[in-house]
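[1] Provided below are the primary sequence and the corresponding predicted coordinates.
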Amino acid sequence: MLRSRLSNQKPYTAQGFPAAISSPDAKSKLWDAEQTAAYLATEQVPELPTEDDDGDLLERTEAAAFLDVTPKTWDSYKRDQRIAPHLVKVKGVEHCPRAVLRDFRQGPAAPRAGRPTGSGDMVPRDEIEARLGELLDADPALTIATAQHELGLAYSAAARWLPRLRGQRIADQVLAEPDLSVEEAAQRLGYPVAVRRAAVAAAQMVLRGRRMLPYLQQVADAVAAAGWMEHQDVAVREAGDVLAAALVLDAAAPAPALVWDERYGWRTALSRRHPIAKNGSKPAEGEGMRYLCPGEQQPQPQQLLDELASPCAQP
């Protein structure tokens, strides 16, 4: 009777009618039965509880928000045996108890369909950037959980790549519009406030690296012209909280490798395979490792070559 009256007369459009209890994004709107009955009987409308309760029933968009995933990802999660038996329908709308969602979130990671237990990243490492970039461009609010589910990534990989990719896109926007700040670019790209700080920090590193790249490539070309290595395209990478770049030299060169660090400038390195310390720490000088052109972050290429060739710079 109450449902029929709501459908036929649509009293919920009247001023003062109780607000719907369903999510604003929900396809089917629901109202609290006690509030609605009181309103229709012209009685005082009771207040709804303000605190979350384990027995609260959350519909699709609310459940997705609770788990920090997209509604599409929730459609996959709800088939999990930790959730599926607990789903209930209210007026034809599927709901899940809050307690079930909380236990699911705190338990083992939700399995991706077809992903063997204990397996690593499902996407080949050299495809992660492109595949994750496609998802991010389609959904600026892409979460780590959704990236894990869609691509089978480990949490650490998704958490590492997402800020980096957002930073790259912010940097592209700033370089295209120099008057734009990184914060403004992040907002324009639609990145949520919660992830903006990490994205802006990543963008600032990307911009510093791109500004240094022409100089670093000039040095690399000079080293190659001196016959100490084949031509190399310089790649600037993150080493802890700083930027660094490495040039791997030939066996006949005065050192196995050259490393540039944005804090300390140029130095030689003893390892061709791992010339840059992962944590960005400053290597101790001695035993074949030497800082070149001390105090100068960007010495002229010929000045650097002369010091590298000097006997005191050789290991």
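    That came through fine.
[2] tell me which residues in the longest helix along the chain are buried?
    In the chain, taking DSSP state H as the definition, the longest helix is helix 193-225. By neighbour count on 16 or more other C-beta atoms under 10 Å, the buried set for helix 193-225 is 195-196, 198-200, 202-203, 205-207, 209, 212, 215-216, 219-220, 223-224. For glycine as for every other residue, the C-beta is placed from the backbone atoms N, C-alpha and C.
[3] Stretch 100-109 now?
    By neighbour count on 16+ other C-beta under 10 Å, the buried set for stretch 100-109 is 100-101, 104.
[4] Pipe the residues you listed into JSON lines and attach distance to Gln232, pLDDT and secondary structure per row.
    Listed next are these as JSON lines, based on distance: C-beta to C-beta, whole Å; pLDDT from 0 to 100; DSSP: H, G, I helix; E, B strand; the rest coil:
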{"residue": "Val100", "distance to Gln232": "55", "pLDDT": "89", "secondary structure": "helix"}
{"residue": "Leu101", "distance to Gln232": "51", "pLDDT": "90", "secondary structure": "helix"}
{"residue": "Phe104", "distance to Gln232": "49", "pLDDT": "85", "secondary structure": "helix"}
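[5] Surely Thr268 is in a strand?
    Yes: counting by DSSP: H, G, I helix; E, B strand; the rest coil, Thr268 is found in a strand.
[6] That one: how many residues sit nearby?
    A count of nearby residues for Thr268, using other C-beta atoms under 10 Å, gives 25.
[7] residues contacting it?
    254-259, 288-290, 292, 308, 313, 315 (C-beta atoms under 8 Å, 6 or more residues apart in numbering).
[8] Please check those and keep the buried ones.
    The neighbour-count test (16+ other C-beta under 10 Å) marks 254-259, 289-290, 292, 308, 313 as buried among the contacts of Thr268.
[9] Which one of the residues you listed is nearest to Trp161?
    Val259 (24.5 Å; C-beta to C-beta).
[10] my guess is the closest one is in a strand, correct?
    Yes: the assignment for Val259 by three-state DSSP puts it in a strand.
[11] quick one: it and Ala246 touch, right?
    Yes: judged on C-beta atoms under 8 Å, Val259 makes contact with Ala246 at a distance of 5.0 Å.
[12] what stretches of this protein score poorly on pLDDT?
    The model of the chain has pLDDT under 70 over residues 1-51, 107-122, 278-281, 311-315.
[13] In it, mark out all the strands, start to finish.
    57-58, 88-90, 93-97, 237-239, 242-248, 257-261, 265-269, 291-292 (DSSP state E).
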